[in-house]
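Q: Using only what follows, build the 3D model:
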Amino acid sequence: MFGRIFYYKIKELMRSYWLIGWNFLFPLVLATAFYLGFGRMMTDDPEFFHTIPVGYIVSEDVTEENAAFLDVLAELTKEREDDVAVLKTTEYDDREAAIAAMNANRISGIYIIGADIETIVAKNSISASTLNQIVRTYENHATTLINIAKDHPESLQKAMDLLSEENTYIKEHTFQRETSAYMQYFYALLAMTALFSSWISTVILEGICANKSESGKRFEVSGAGKLSSIGAGLLAGLLLQCLSNTVVICYIEYVLKLSFGMPIWCVMLVTTLGSGVGISVGCLMGSLIKNPALLVVVPLAFSMVCSFFSGLMWGNIKQILEYHCPIVNRINPAALVTDCLYIRSTYGATPMYYQNLVILAAITVGAMLLSSLILRRRNYVSL
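A: Now for the predicted structure:
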């Protein structure tokens, strides 16, 4: 009986035009609108790191110590793990040619390597700060090694190993920068899509409960078990909602070419938990609400209010709530879904990421338990 009800509920939901329109098409339209609005800012995000073109000149008075800086430049022109090199170098014969190239915006700065290493930049910028920092770091390391070689030559190898360790540590703990800050809106969009599943629950209960529809009366007098039938219906709704989530995720990742900054199965896991919250909360609403009109209004209000406070319409609202009333972000399922996606893409699988997943699971289980208690104890005077 469970499998039969599950099968027919899927057929019933797939024939619902509102489900196709709101749960499948509307998120795609909104994702396209976000892409058109933020597209250029996302593909040319100032927070992305771009390879810095730099020219260098080797003077005749270059010292042996500073000649080693050429090896540093060569190392920085190699691609890193993110397939982006730090520098793109070009050698010039004289200062005038290098300055002309910089004025023509072909390079961002110039290194003149001689008795000292001189850095010339056209203007203050992130690139200029990076070029200066490279020289400062090199000079600090070189000075440290020279002093150790003079005073404690036996510790020279240990010092070199420590410097290498420091560089490795920085590399391993660098945050992922391939994800644009504007992806926050797409994370909130996925949270809204997941919570749209609350509508599915109310529709399923409307066809099962005798106090909501004529078909519910016929179902109540049938031999089918109520809780197993509700479970089959909700599972069918969850399956369709997961399919909707997958369509939106693949559209953003493969059609719009916007990276989530994490394996796609992680995105599906988080949105599936969000859909579970939507299904369970919608079931709770359906068990409490008797007015048929409110069965549409309340789930819609629930989804949109939660989405608003997760940053879908106003990106800074979550930060404001975190400062003034952080408990809202801890119980808002849309904010939890958005946070999970943001944390996973930026910092990785941190304890906060797992904490949010546990809260989503707890909300799902709690809402389902309350719904089962309410529906199980419901009796009717007559049918």
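Q: Does residue 187 touch residue 338 like I think?
A: Yes: at 4.5 Å, residue 187 and residue 338 qualify as touching, with contact defined as C-beta atoms under 8 Å. Any C-beta I mention is one placed from the backbone N, CA and C, and that applies to glycine too.
Q: So the two - more neighbours on which side?
A: The residue with more neighbours, out of residue 187 and residue 338, is residue 338; 31 against 26, by other C-beta atoms under 10 Å.
Q: just the strands in the stretch 101-250 of the chain please.
A: 109-113, 117-121 (DSSP state E, counting those that start in this stretch).
Q: Export the ones you listed as a markdown table, with columns for distance to residue 55 and mean pLDDT.
A: Formatted as a markdown table, the strands of the stretch 101-250 of the chain follow (distance: least, C-beta to C-beta, whole Å; pLDDT from 0 to 100):
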| stretch | distance to residue 55 | mean pLDDT |
| --- | --- | --- |
| strand 109-113 | 5 | 89 |
| strand 117-121 | 9 | 87 |
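Q: what kind of secondary structure is residue 362 in?
A: Look at residue 362: counting by DSSP: H, G, I helix; E, B strand; the rest coil, its state is helix.
Q: Over to the one 10 residues further on?
A: The local conformation at residue 372, judged by three-state DSSP, is helix.
Q: Excluding chain neighbours, what is closest to it?
A: residue 227 (6.3 Å; C-beta to C-beta, 6 or more residues apart in numbering).
Q: Check the one you found and give its pLDDT.
A: Residue 227 is assigned a pLDDT of 70 by the prediction.
Q: Same question for residue 170.
A: Taking residue 170 on its own, its pLDDT is 38.
Q: tell me how far the ends of stretch 104-123 are from each other?
A: Across its full length, stretch 104-123 reaches 13 Å between end residues, using C-alpha to C-alpha, to the nearest Å.
Q: what do you get for stretch 247-257?
A: First-to-last distance for stretch 247-257 - C-alpha to C-alpha - comes to 14 Å.
Q: rewinding a little: mind giving me a markdown table with the strands of the stretch 101-250 of the chain and columns for distance to residue 375?
A: As requested, the strands of the stretch 101-250 of the chain are exported to a markdown table (distance: least, C-beta to C-beta, whole Å):
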| stretch | distance to residue 375 |
| --- | --- |
| strand 109-113 | 70 |
| strand 117-121 | 70 |
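Q: Show me which strand runs longest in this protein.
A: Longest among the strand segments of the chain by residue count, using DSSP state E, is strand 52-58.
Q: other SSEs contacting it?
A: helix 69-76, strand 87-91, helix 95-103, strand 109-113, helix 126-151 (3 or more C-beta pairs under 8 Å, 6 or more residues apart in numbering; DSSP states H and E).
Q: For that strand, which residues meet the burial criterion?
A: For strand 52-58, a neighbour-count test (16 or more other C-beta atoms under 10 Å) marks 52-58 as buried.
Q: gap between residue 341 and residue 273?
A: 11 Å (C-beta to C-beta, to the nearest Å).
Q: Among the two, which residue is more densely surrounded?
A: residue 341 (28 against 23).
Q: Next, the contact list for the more buried one, please.
A: Residue 341 makes contact with 187, 190, 260, 262, 267, 270, according to C-beta atoms under 8 Å, 6 or more residues apart in numbering.
Q: run the last query once more with 6 Å
A: By C-beta atoms under 6 Å, 6 or more residues apart in numbering, the residues touching residue 341 are 187, 270.
Q: For the closest residue to residue 185 other than its chain neighbours, pull up the helix or strand it's in.
A: Leaving out its chain neighbours, the residue that sits closest to residue 185 by C-beta to C-beta, 6+ apart is residue 34, at 5.4 Å. Using DSSP states H and E, residue 34 sits in helix 26-43.
Q: how much space between the nearest residue to residue 38 once chain neighbours are set aside and residue 256?
A: For residue 38, ignoring the flanking residues on the chain, the nearest one in space by C-beta to C-beta, 6+ apart is residue 182 at 4.4 Å. Here the distance between residue 182 and residue 256 works out to 12 Å (C-beta to C-beta).
Q: Next: residue 338.
A: Using C-beta to C-beta, we find residue 338 at a distance of 18 Å from residue 256.
Q: where does the stretch 101-250 of the chain have low pLDDT?
A: Where the stretch 101-250 of the chain drops to pLDDT under 70, the residues are 145-146, 148-181, 207-226.
Q: Helices of that one, start to end?
A: Along the stretch 101-250 of the chain, the segments classed as helices by DSSP state H, counting those that start in this stretch run 126-151, 156-172, 183-195, 197-206, 214-220, 226-250.
Q: one step back: return the member of the buried residues of strand 52-58 nearest to residue 235.
A: Among these, residue 52 lies closest to residue 235 (C-beta to C-beta), at 53.7 Å.
Q: Distance-wise, check that closest one relative to residue 66.
A: Distance, residue 52 to residue 66, by C-beta to C-beta: 20 Å.
Q: ok, now residue 189?
A: 53 Å.
Q: okay, the two: which has more neighbours?
A: Neighbour count, other C-beta under 10 Å: between residue 189 and residue 66, residue 189 has more, with 23 against 20.
Q: For the more buried one, list the residues it contacts.
A: 30-31.
Q: Check what pLDDT the residue lying closest to residue 205 once chain neighbours are set aside gets.
A: Nearest non-adjacent residue to residue 205, counting by C-beta to C-beta, 6+ apart: residue 286, 3.5 Å away. We have a pLDDT of 82 for residue 286.
Q: Residue numbering should commence at 324 henceforth.
A: Fine by me, first position is 324 from now on; the one you just mentioned is residue 609.
Q: can you tell me the helix or strand for residue 609?
A: Element membership for residue 609 (DSSP H and E) is helix 587-611.
Q: Report the buried residues of the helix or strand that that helix is followed by.
A: With elements assigned by DSSP H and E, the helix or strand that comes after helix 587-611 is helix 617-632. By 16+ other C-beta under 10 Å, the buried positions in helix 617-632 come out as 618, 621-622, 625-627, 629-632.
Q: Measure how helix 617-632 sits relative to helix 587-611, angle-wise.
A: Here the directions of helix 617-632 and helix 587-611 differ by 140 degrees (axes from the mean of the first three to the mean of the last three C-alpha atoms, to 10 degrees).
Q: Alright, that wraps it up for me.
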